[in-house]
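Participant: Below is the sequence, then the predicted model.
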Amino acid sequence: MPRLPRIKECDVIDCFYNTDNLCHAPAITVGSPCPKCDTYLSSSEHGKPADMGQVGACHEDDCRFNHELTCHAQEIVVGHHQRHADCFTYSSEEGKGELSGLA
Ligand code: SF4
């Protein structure tokens, strides 16, 4: 199984899993049709179930980093988009072939 990509930064500070602009969810799910963080939970309380947030699954299959609904980026950045959280590392499928062979 490939190493899960870490979330190196997330500025969605009203999320339960966010402390100091860092995600602490054990494994987020990124959804579709936009690369939305489906794990985001607006909350005045904050928890740290994991040291560092990681990407568990991603349904954004037109992203160049996506293979079999799994993210193969080294790390991602999450941030505000409208009233939700999005993966800002999303990149369209163009050039996807160049990434074949990624673990
Ligand atoms: S970089 Fe692409 S494959 Fe990885 S979580 Fe973001 S949208 Fe999904």
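Facilitator: Cool, got the structure. Numbering: from 1, shown residues only.
Participant: which bits of this structure sit near the ligand?
Facilitator: 30, 35, 55, 58, 60, 63, 65-66, 71, 73, 76, 87, 89-90 (Cβ under 6 Å from any ligand atom). From N, CA and C alone the C-beta is placed, and that goes for glycine too.
Participant: Which residues does stretch 33-44 contact?
Facilitator: The contact list for stretch 33-44, computed with Cβ atoms under 8 Å, 6 or more residues apart in numbering, reads 12, 14-17, 25, 28-31, 58, 60, 63, 78, 81, 84-87, 90.
Participant: So which of the residues of the chain next to the ligand are in strands?
Facilitator: In strands, defined here by DSSP state E, the members of those are 30, 55, 58, 66, 71, 76, 87.
Participant: List the buried residues for stretch 73-85?
Facilitator: Taking 16 or more other Cβ atoms under 10 Å as the neighbour-count basis, stretch 73-85 is seen to contain the buried residues 73, 76, 78, 85.
Participant: what's the span of it, first residue to last?
Facilitator: Across its full length, stretch 73-85 reaches 18 Å between end residues, using Cα to Cα, to the nearest Å.
Participant: and what of stretch 47-64?
Facilitator: Using Cα to Cα, the distance between the terminal residues of stretch 47-64 is 32 Å.
Participant: Stretch 68-88 too?
Facilitator: First-to-last residue span, stretch 68-88, Cα to Cα: 20 Å.
Participant: so where do the helices sit in the protein?
Facilitator: Secondary structure of the chain by DSSP state H: no helices are present.
Participant: Output the below-cut-off pLDDT ranges for the protein.
Facilitator: Under the criterion of pLDDT under 70, the regions of the chain flagged as low confidence span 1-2, 95-103.
Participant: For residue 86, list each beta-bridge partner.
Facilitator: Listed by DSSP bridges, the beta-bridge partners for residue 86 are residue 36, residue 79.
Participant: heads up, I number from 844, so please use that
Facilitator: Will do, 844 is the new start, and the previous item becomes residue 929.
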